[in-house]
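[1] Predicted structure and sequence below. I'll ask about it afterward.
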Amino acid sequence: MEHLPKSIEDYLAAARTKSALPSDNALASALGITRQSLSQIRAGILMPGDALMLKLAEMARENPQLALLQLQAWKAKDQVTKAAWLELAHAFKRTAAALILAFVFAAFLASPAEAAGRTYAPDQCILWKI
């Protein structure tokens, strides 16, 4: 399973790289903010708002819901709250990965007859006999 971006800097770097932007000026322009605001976000002086975080996640090709959970963790005023938000982000990611694996596994187990639209009664299906 891939890692969660660890910082806003990870999102900024991924957004710039994956969007093939040549400079921070281009990144700021693509995000709809000033170069000064981008510098303040990098320095930790400002935190992006929800809408900007969603745009960053889109440009970085990261899950937007996870990005919002991480943003809340980074904004947390104490370590207990921060840890709770990060655990929620990790739990969300684990659940999403498990669902994807379940769908892939189910598709892999579908027999050619099922794929052709034929169905079987539960007692005829090999999965029910396991």
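    Great, that's in hand.

[2] do you know how far Ile33 is from Arg42?
    12 Å (Cβ to Cβ, to the nearest Å). (Each C-beta comes from the backbone N, C-alpha and C, glycine too.)

[3] Please read the previous query as pertaining to Leu56.
    Relative to Arg42, and taking Cβ to Cβ, Leu56 is found at 12 Å.

[4] list residues touching both of those two?
    Counting by Cβ atoms under 8 Å, 6 or more residues apart in numbering, the shared contacts of Leu56 and Arg42 are 8, 12.

[5] Between those two, which has more neighbouring residues?
    Set side by side, Leu56 and Arg42 show more neighbours around Leu56, with 25 against 15, by other Cβ atoms under 10 Å.

[6] Quick one: the helices in this protein, in order.
    8-18, 24-31, 35-42, 50-60, 64-75, 79-109, 112-115, 126-129 (DSSP state H).

[7] Does anything pack onto the first one? Which helices or strands?
    Helix 8-18 sits against helix 24-31, helix 35-42, helix 50-60, with contacts defined as 3 or more Cβ pairs under 8 Å, 6 or more residues apart in numbering; DSSP states H and E.

[8] The last one packs against which elements?
    Just to be clear, that refers to helix 50-60. Packing partners of helix 50-60 (3+ Cβ pairs under 8 Å, 6+ apart): helix 8-18, helix 24-31, helix 64-75.

[9] buried stuff in it?
    Across helix 50-60, burial judged by 16 or more other Cβ atoms under 10 Å covers 52-57, 59-60.

[10] Hey, what's the angle from that helix to helix 24-31? Just curious.
    120 degrees (axes from the mean of the first three to the mean of the last three Cα atoms, to 10 degrees).

[11] List of residues touching helix 50-60?
    With Cβ under 8 Å, 6+ apart, helix 50-60 has contacts from 5, 8, 10-12, 14-15, 18-19, 30-33, 48, 63-64, 66-68, 71.
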